[in-house]
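[1] here is a sequence with its predicted model. Questions after.
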Amino acid sequence: MNIENLLSLPTPCYVIDEEALIRNLEVLQYVEQQTGCHVLLAQKAFSAYHVYPLIAKYISGTTASGLFEAQLAYEEMPDRQIHVYSPAYKDADFEKLLTMCDHIVFNSFSQWKHFRKIAQQYPDVQFGLRINPEYSEIGTDIYNPCFTNSRLGITPANFEGNELDGISGLHFHTMCEQGAETLERTLKVVEEKFGSYLHRMKWLNLGGGHHITKPGYNVDLLISCIRHIRKTYGVEVYIEPGEAVALNAGYLVASVLDTLRNNMDIAITDTSAACHMPDVLEMPYRPYIVGSEMPSVLPYTYRLGAPTCLAGDIIGDYSFEKPLQKGDKLVFTDMAIYSMVKNNTFNGMPLPSVYLLQSDGSLKLLKQFGYADFKSRL
Ligand SMILES: *Cc1c(COP(=O)(O)O)cnc(C)c1O
């Protein structure tokens, strides 16, 4: 990766790396080609619709978490499949979703029964149910849809097998940044608990959380899992990765505004964990900065913080080869996913502009924000 030309950009800004995005899409396309499955972009992770035409060349479509994401797909990737799943639909939203989506997944039998009548008027839309196999290997509760008393998905005990008239598919989502080995073990449980219903279905959606484009991911095992499901039950298979589509396909470029000391060296940047990369605090995790190391590995260690009033708005501790100075640029990697879709203007922080680093090396400004964007939300 050549980051030289990113250093001249006004900060803060996100940069989507088109070439890296294409590399990911090629892997996902390969999975489709090898298995006949359909890969859907989970827009929750990445909704930079300027690159939807590019994404549409490689994979089958998108999935949405509700009306707005569905509408975005309807407008920006209209010639591909549009799926939607929400823990509960509002009546007014549902009627609109029926005109935009080809697959609608319900979270409960009560939602299905509530909407069944109007659903029947749309023979071109397929309806499914999200199941909860009560099996997940996610250690962090906030990301575990199978934790105790979860609201996400129908457990075997609550599954009403006699209410499936009009239902053509099942959906589960129980993974997060995991390998095909986890999928294989999960599928075993899904088959044990829901296999008898699967024989009556036309499709199974394996949800997201598949780290398919991460180096070392076992793509061959994913392919064999999908082939197994297709063959055993005669169903179409969908997977809806978010992360994997744009993994390592973007940067956040920031500048150092000041340095100071309080027992250790501290640098204030023009970016904020809370506003521009909320997952750093929520997940939490430590983003990588180009040229940096863990604290004390290189000669100069700094705690990087935001220009906000939140004491905990700290990105992390990093060491560098040279002392940081006002105006120095910091390039955070893997900032395409769960960044732009989650950012906010807390503390009056400006939103980073968005650039596309095109395959030919040139930079294209996609979005720029200002005071009006802050004011209009309040
Ligand atoms: C979050 C989510 C996804 C995408 O998950 P990733 O971890 O980004 O791959 C897919 N489906 C559902 C239902 C989700 O909630």
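    All right, it came through fine.
[2] which bits of this structure sit near the ligand?
    42, 44-45, 85, 173, 176, 207-209, 240-244 (C-beta under 6 Å from any ligand atom). Where C-beta positions appear, they are placed from N, C-alpha and C, glycine not excepted.
[3] which members of those are the farthest-apart pair?
    Of all pairs drawn from the residues of the chain next to the ligand, the one with the longest distance (C-beta to C-beta) is Tyr85 and Ala244, at 17.7 Å.
[4] ok, back up a step: any chance of a markdown table for the residues of the chain next to the ligand, columns distance to Arg200, secondary structure and neighbour count?
    Formatted as a markdown table, those follow (distance: C-beta to C-beta, whole Å; DSSP: H, G, I helix; E, B strand; the rest coil; neighbours: other C-beta atoms under 10 Å):
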| residue | distance to Arg200 | secondary structure | neighbour count |
| --- | --- | --- | --- |
| Ala42 | 26 | strand | 26 |
| Lys44 | 29 | coil | 19 |
| Ala45 | 31 | coil | 22 |
| Tyr85 | 20 | strand | 26 |
| His173 | 21 | coil | 23 |
| Cys176 | 29 | coil | 22 |
| Gly207 | 20 | coil | 25 |
| Gly208 | 25 | coil | 24 |
| Gly209 | 26 | coil | 26 |
| Glu240 | 22 | coil | 30 |
| Pro241 | 27 | coil | 28 |
| Gly242 | 29 | coil | 22 |
| Glu243 | 32 | helix | 25 |
| Ala244 | 30 | helix | 28 |
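[5] pLDDT added to the residues you listed, as CSV?
    Listed next are those as CSV, based on pLDDT from 0 to 100:
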residue, pLDDT
Ala42, 98
Lys44, 98
Ala45, 98
Tyr85, 98
His173, 98
Cys176, 97
Gly207, 98
Gly208, 98
Gly209, 98
Glu240, 98
Pro241, 98
Gly242, 98
Glu243, 98
Ala244, 98
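[6] disregarding residues adjacent in the polypeptide, which is nearest to the residue in the stretch 51-200 of the chain positioned nearest to the ligand?
    Residue of the stretch 51-200 of the chain nearest the ligand, by C-beta to the nearest ligand atom: His173 (3.8 Å). Leaving aside its sequence neighbours, His173 sits nearest to Gly207 (C-beta to C-beta, 6 or more residues apart in numbering; 2.8 Å).
[7] just checking, that neighbour touches Gly242?
    No. Judged on C-beta atoms under 8 Å, Gly207 makes no contact with Gly242 at a distance of 10.1 Å.
[8] pLDDT wise, what is Met1 at?
    The model reports Met1 with a pLDDT of 58.
[9] again, but for Leu310
    At Leu310, pLDDT is 98.
[10] for it, give its distance to the ligand.
    As judged by C-beta to the nearest ligand atom, to the nearest Å, Leu310 and the ligand stand 26 Å apart.
[11] tally of neighbours for Thr140?
    Residues near Thr140, counting by other C-beta atoms under 10 Å, number 10.
[12] contacts only, for it.
    Contacts for Thr140 were tallied using C-beta atoms under 8 Å, 6 or more residues apart in numbering; they are Cys176, Met283.
[13] check Ala119 too.
    Going by C-beta under 8 Å, 6+ apart, Ala119 touches Leu98, Ile104, Val125, Phe127, Gly166.
[14] would you turn the residues you listed into a markdown table with neighbour count?
    Listed next are those as a markdown table, based on neighbours: other C-beta atoms under 10 Å:
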| residue | neighbour count |
| --- | --- |
| Leu98 | 17 |
| Ile104 | 27 |
| Val125 | 18 |
| Phe127 | 19 |
| Gly166 | 12 |
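[15] can you name the two of those that sit furthest apart?
    For the contacts of Ala119, the farthest-apart pair by C-beta to C-beta is Leu98 and Gly166; their separation is 13.3 Å.
[16] now the residue of the stretch 1-150 of the chain found nearest the ligand, nearest residue through space, not along the chain?
    Residue nearest to the ligand within the stretch 1-150 of the chain: Ala42 (3.4 Å; C-beta to the nearest ligand atom). Closest residue to Ala42 apart from its sequence neighbours, by C-beta to C-beta, 6+ apart: Gly242 at 3.4 Å.
[17] right, and the helix or strand after the lengthiest strand in the chain?
    For the chain, the longest strand by residue count, based on DSSP state E, is strand 250-262. Once the chain leaves strand 250-262, the next helix or strand it forms, by DSSP states H and E, is strand 264-269.
[18] which strands and helices lie in contact with that following strand?
    Judged by 3 or more C-beta pairs under 8 Å, 6 or more residues apart in numbering; DSSP states H and E, strand 264-269 is in contact with strand 250-262, strand 300-305.
[19] okay if I get these as CSV plus mean pLDDT and mean neighbour count?
    Listed next are the helices and strands packed on strand 264-269 as CSV, based on pLDDT from 0 to 100; neighbours: other C-beta atoms under 10 Å:
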stretch, mean pLDDT, mean neighbour count
strand 250-262, 98, 18
strand 300-305, 98, 20
